[in-house]
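Q: Quick one, fold the following:
(one chain, ligands or ions: 1)
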Amino acid sequence: MSTTRQDLLQAFDALLQPARFKDYGPNGLQVEGRAQIQKIVSGVTASRALIEAAIEARADALFVHHGLFWRGQDGCVTGWMKQRLALLLAHDINLFAYHLPLDAHPEWGNNAQLGLQLGLHASARFGEQDLGFMGGRADGGSFASAAALADYVKNVLNRPVVQVGRAQSAIKNIAWCSGGAQGYFEAAIAAGADAFITGEISEPQAHYAREMGVAFIACGHHASERYGAPAVASQVAAQFGLDHQFIDIDNPA
Ligand SMILES: [Zn+2]
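A: Down below sits the predicted model:
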């Protein structure tokens, strides 16, 4: 089965509704490739390694969370940008990228899918553009301590995590926001979280966690954003009967 580039773009846009977001880069078709698409490869970041893997997998389209173009770039096609673009263009591969719309989708997005992995149920949203998810354990239980929650996250995601703050008391209300959402910590505290899970921590959040008695858990930017792209790509691939393959390029950050 196959579809056209344009129909595929319309399907991604219909699902993710990029017009609703103020974002740091363009959402949608970032690099135009061949007109007819049979196979989609999804991944977290349009790195050279992922592009090479997509070429190897004979993809017609790559669907990612982190595309190539961001606000604040100088616009020059040099270095890593030249290498990545050259590969995409030489192999006529379409690059579709969706950033905040992919974080936010209530069912297939990064936050929803991270919650699913962690056995968390969201009952509310918080923070700028409603990107933060707030809830607790899907079974209604709580974690005995922040250390117990951190240990649990470490085991589920199979990677080390950083935990700061709230040493002793139980954790019931859990807020989470995938990726580099450390700036959402204060909004999570204001929304009543006992713990906040995101990908990265910066220096100030360690102090806020200690001073406010709210646990901060950093579980890795990549690790927290590994689930949305394959979920969305497989949904859309199924609509058209296309092949889909998720390729995880490991990233310790
Ligand atoms: Zn990210």
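
Q: make it CA atoms for all contacts and neighbour counts henceforth
A: Fine.

Q: ok, for the residue positioned nearest the centre of the chain, nearest residue in space, not its chain neighbours?
A: With distances taken as CA atoms, centre = their mean, the residue of the chain nearest its centroid is Glu225 (3.0 Å). Closest residue in space to Glu225, ignoring its immediate chain neighbours: Asn110 at 5.4 Å, by CA to CA, 6 or more residues apart in numbering.

Q: how about the strands of this protein, start to end?
A: 3-4, 28-31, 36-37, 39-45, 61-66, 94-97, 120-126, 132-137, 162-164, 174-176, 195-198, 215-218, 243-246 (DSSP state E).

Q: okay, those in JSON lines with mean neighbour count next?
A: As requested, the strands of the chain are arranged in JSON lines below (neighbours: other CA atoms under 10 Å):
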{"stretch": "strand 3-4", "mean neighbour count": "15"}
{"stretch": "strand 28-31", "mean neighbour count": "19"}
{"stretch": "strand 36-37", "mean neighbour count": "20"}
{"stretch": "strand 39-45", "mean neighbour count": "26"}
{"stretch": "strand 61-66", "mean neighbour count": "27"}
{"stretch": "strand 94-97", "mean neighbour count": "26"}
{"stretch": "strand 120-126", "mean neighbour count": "17"}
{"stretch": "strand 132-137", "mean neighbour count": "23"}
{"stretch": "strand 162-164", "mean neighbour count": "21"}
{"stretch": "strand 174-176", "mean neighbour count": "29"}
{"stretch": "strand 195-198", "mean neighbour count": "29"}
{"stretch": "strand 215-218", "mean neighbour count": "29"}
{"stretch": "strand 243-246", "mean neighbour count": "20"}
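
Q: and those strands as TSV, adding mean pLDDT and distance to Ala150?
A: As requested, these are arranged in TSV below (pLDDT from 0 to 100; distance: least, CA to CA, whole Å):
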stretch	mean pLDDT	distance to Ala150
strand 3-4	98	43
strand 28-31	98	35
strand 36-37	98	42
strand 39-45	98	23
strand 61-66	98	25
strand 94-97	98	31
strand 120-126	97	14
strand 132-137	98	14
strand 162-164	97	6
strand 174-176	98	12
strand 195-198	98	9
strand 215-218	98	7
strand 243-246	98	27
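
Q: Dump those to CSV, plus distance to Ala209.
A: Below are the strands of the chain laid out as CSV (distance: least, CA to CA, whole Å):
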stretch, distance to Ala209
strand 3-4, 49
strand 28-31, 36
strand 36-37, 48
strand 39-45, 29
strand 61-66, 28
strand 94-97, 33
strand 120-126, 18
strand 132-137, 17
strand 162-164, 6
strand 174-176, 13
strand 195-198, 9
strand 215-218, 6
strand 243-246, 35
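
Q: Tell me which of the ones you listed lies nearest to Ala104.
A: Ala104 lies closest, by CA to CA, to one member of the strands of the chain: strand 132-137, at 8.1 Å.

Q: nearest to Leu15, of the strands of the chain?
A: strand 28-31 (11.5 Å).

Q: How about stretch 161-174, which residues are buried there?
A: 161-166, 170-174 (16 or more other CA atoms under 10 Å).

Q: Kindly check the end-to-end length of that stretch for me.
A: 16 Å (CA to CA, to the nearest Å).

Q: which residues touch it?
A: The contact list for stretch 161-174 (CA atoms under 8 Å, 6 or more residues apart in numbering) reads 134-137, 141-147, 149-150, 153-154, 192-197, 206, 209-211, 213-220.
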